[in-house]
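Q: Give me a model of this one.
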Amino acid sequence: MAQVGLSKSKYAAYCQCPKLLWLSQYRSNEATPDPQADSRMEIGIQVGELARNYFEGTVNATEIYPDGSQNRIAMLKRTQQLIDAQTPVIAEAAFSYDGNYCAVDLLRYTPEGWIIYEVKSTTADSSEDEAEDRKNELIHTLDIAYQRWVLEQCGIKVAGTHLLALDKTYRLGDTLDLHGLFADLDYADKVAEYYPTVTNGVADAKRILQSAEPLLVAPTDNCTKKCAFWTYCTKHMPAKNPFSIMGMQFRTARKYYEQGYETFDTLRTAPKLNPSYLKVIEAELDNIDFIELPAIREFLETVHYPLYHLDFETMQPAIPQFKGTKPYQQIPFQYSLHIQYEPCGPVDHKEFLAISGQNPLRDIAEALVRDIPFGACSIAYNKGFEQTRLKELAELFPDLADHLLSIRDNMVDLDVPFRKKNYYTKAMQGSYSIKYVLPALFPNDPELDYHSLEDVHNGGEAMTIFPKIQFMEPKEQARVRANLLKYCCLDTYAMVKVLGKLYECCRMS
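A: Next up, the predicted model:
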């Protein structure tokens, strides 16, 4: 097998999981496609290009072939020229040592030496999960440590190591302030802690890449079901195993699996198993439907008419587009509203869709106040999302705050009976997401089939396509807007149908 060199992305993959490194190199066709990969790449490119203006005097060392790919040999030569000239800041400064390559996002000269700046398109603490933040911080640290190691092997004196990430506290003013947008984080101490491990890590990563077969690695705490190779790595497991129960924490599933509870049949005997997980198992093995009428009736008593079924669609621009907004802020640009005046009665429909490229926040706030009366009962599926958007709009527009907060405070959550598994069937596959609940309650109903829609089939696609409408030709704009409206309308119509099913099962008892 020919020797394969390392890059900083390959070293980062090794640090996350040695098997991930090997699979990415030799079994990339086994990866589960990620529908959001292109969008994240676009964001990364956009943020990286902005960061090149963070320092004055930045010179880009990138050299490309006619086909658009990087010409690493030319970049190495160009970088050395810029280093020799003590260029104040070099973007994509390229270095190679013994087959180990890296291109530093930004390399700044000081009299004491060169400072590495790694640019990330995430916010400094992007997740609400502290454990996930710590994991990401460690990966960033090891990535930068690898870059420092390569540069120092090349004879470059490294005077500092920094991370440039988006600052989620920044709010856009009249113009974009890059020094407010980016948080400059000194990673010197973090990198120093792990730097001594790089030499052995590089050697081990190269050894793995020389292997003809992938490592046999059991799931670890670094694993995640979101990994592109999760399906490949677990194909030897029974189809129904602890990891296949949606909602079960990964560490909990791993604990049960390592203790020998590898199948649903054995897992049902596990001590201290959460009753909701036991329902999933019994529904699967015994073909039992769980319909707990007292709990469902108790939920229905919280619903009052007229009832306003509400669903938002949002976008999350990494770089704030509208004054007063921050990186990755959820910007609601659309809603659908089905209005019902009595249980299982006929519905009226209202909707709002902003103009792509224009700030939608004031318009959508005014439309909500117009369409939902003060004090009216509204309903959403996983209401925390809608409630948070309403709270944010109320903070932006004090003159509308009382009404918007009234909508928020009088909202019922339709997911409650399904989250608590008061209503659960095998077809829900362990999930309480409406994308699973709906086809379980209404199998093969073409009226409720998201796959039959055009352009937009889920919230991720809505989020991606809406900002692009402004750049489309008028005919294409009209088609995409119509399809956005159809998608969001189906979201709230689905809620009408699901709620109706709850009333129906109570009437039939």
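Q: what mean pLDDT does stretch 111-120 have?
A: For stretch 111-120, the mean per-residue pLDDT is 97.
Q: got the contact list for that stretch?
A: 47-48, 51, 54, 83, 104-108, 140, 143-144, 147-148, 151, 156-166, 184, 187 (CB atoms under 8 Å, 6 or more residues apart in numbering). In short, each C-beta sits where N, CA and C put it, glycine included.
Q: Go through those and flag which are in strands.
A: Among those, the members falling in strands (DSSP state E) are 104-108, 158-166, 184.
Q: show me where the stretch 51-200 of the chain has helices.
A: 72-84, 130-153, 178-181, 188-194, 198-209 (DSSP state H, counting those that start in this stretch).
Q: Which positions within the longest one qualify as buried?
A: Of the residues in helix 130-153, those buried by neighbour count under the rule 16 or more other CB atoms under 10 Å are 133, 135-138, 140-151, 153.
Q: Quick one: list the elements packing against it.
A: Judged by 3 or more CB pairs under 8 Å, 6 or more residues apart in numbering; DSSP states H and E, the packing partners of helix 130-153 are helix 8-16, strand 89-97, strand 100-110, strand 113-123, strand 158-166, helix 188-194, helix 198-209.
Q: circling back to that earlier point, between the helices of the stretch 51-200 of the chain, which has the poorest mean confidence score?
A: helix 130-153 (a mean of 90).
Q: picking up where we left off before, of the helices of the stretch 51-200 of the chain, which approaches L172 most closely?
A: Evaluated over these, closeness to L172 peaks at helix 178-181, with 8.3 Å, by CB to CB.
Q: Near T32, how many other residues are there?
A: For T32, the number of neighbouring residues by other CB atoms under 10 Å comes to 11.
Q: And for I469?
A: Neighbour count for I469, taken as other CB under 10 Å: 20.
Q: pretty sure it is in a helix, no?
A: Yes: counting by DSSP: H, G, I helix; E, B strand; the rest coil, I469 is found in a helix.
Q: F333 belongs to a strand?
A: Yes: counting by three-state DSSP, F333 is part of a strand.
Q: Could you tell me which residues make contact with D84?
A: With contact taken as CB under 8 Å, 6+ apart, D84 is in contact with no other residue.
Q: swap in G201?
A: Y11, Y14, C15, L142, Y146.
Q: what do you get for L151?
A: F95, C102, V104, W114, I116, V158.
Q: what's the burial count for the closest residue to L361 other than its chain neighbours?
A: With sequence-adjacent residues excluded and distances taken as CB to CB, 6 or more residues apart in numbering, L361 is closest to L396, at 6.0 Å. Neighbours of L396 under the rule other CB under 10 Å: 15.
Q: Would you mark the buried spots in the helix ranked longest in the chain?
A: Longest helix of the chain, by residue count under DSSP state H: helix 474-507. Within helix 474-507, the residues that count as buried by 16+ other CB under 10 Å are 477, 480-481, 483-485, 487-499, 501-502, 505-506.
Q: Now do the contacts for the spatially closest residue to S276 that is not a sequence neighbour.
A: Excluding the flanking residues, the one nearest S276 by CB to CB, 6+ apart is K421, at 4.8 Å. Each residue near K421 by CB under 8 Å, 6+ apart is listed here: S276, K279, V280, F290, Y432.
Q: what would the contacts of G201 look like in CSV with distance to M315?
A: What follows is the contacts of G201, written out as CSV (distance: CB to CB, whole Å):
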residue, distance to M315
Y11, 33
Y14, 34
C15, 32
L142, 32
Y146, 34
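Q: Can you tell me which of the residues you listed is nearest R27?
A: R27 has its nearest neighbour among those in Y14, at 15.2 Å by CB to CB.
Q: Tell me how many other residues crowd that closest one.
A: Neighbours around Y14, by other CB under 10 Å: 24.
Q: wait, it sits on K206?
A: No: counting by CB atoms under 8 Å, Y14 stays clear of K206, with 9.4 Å between them.
Q: where do the contact lists of these two overlap?
A: Shared contacts of Y14 and K206 (CB under 8 Å, 6+ apart): L6.
Q: coming back round to it: so which of the helices and strands packed on helix 130-153 comes closest to T252?
A: Closest among the helices and strands packed on helix 130-153, using CB to CB: helix 8-16, at 21.1 Å.
Q: Give the next helix or strand downstream of that closest one.
A: For helix 8-16, the following helix or strand on the C-terminal side (DSSP states H and E) is helix 18-26.
Q: Report the buried residues of that following helix.
A: P18, K19, L20, L21, W22, L23, S24, Y26.
Q: Phi and psi next, for Q86.
A: phi 50, psi 50 (degrees, to the nearest 10).
Q: Numbering from 29 from now on, please.
A: All right, first residue 29 from here; so that's Q114.
Q: Let me see the contact set for the nearest residue to it once chain neighbours are set aside.
A: Distances taken as CB to CB, 6+ apart place Y137 nearest to Q114, at 5.3 Å, with adjacent residues excluded. Neighbour list for Y137: Q114, T115, P116, V117 [criterion: CB under 8 Å, 6+ apart].
Q: Show me the two of these that sit farthest apart.
A: Using CB to CB, the pair of these lying farthest apart is Q114 and V117, separated by 10.8 Å.
Q: List the residue ranges of the protein that fall below the pLDDT cut-off.
A: Along the chain, segments meeting pLDDT under 70 span 29-32, 153-157, 159, 537.
Q: Spatially nearest residue to L104, not counting backbone neighbours?
A: For L104, ignoring the flanking residues on the chain, the nearest one in space by CB to CB, 6+ apart is A122 at 4.9 Å.
Q: measure V444 to L527 for me?
A: Distance from V444 to L527, counting by CB to CB, to the nearest Å: 11 Å.
Q: swap that for L170, please
A: Separation of L170 from L527 (CB to CB): 49 Å.
Q: Am I right that T252 sits in a strand?
A: No: with three-state DSSP as the criterion, T252 is assigned coil and is not in a strand.
Q: Would you confirm that it contacts Q277?
A: No: using CB under 8 Å, T252 is not in contact with Q277; the gap is 11.3 Å.
Q: These two: which has the busier surroundings?
A: Between T252 and Q277, counting by other CB under 10 Å, T252 is the more crowded of the two (13 against 9).
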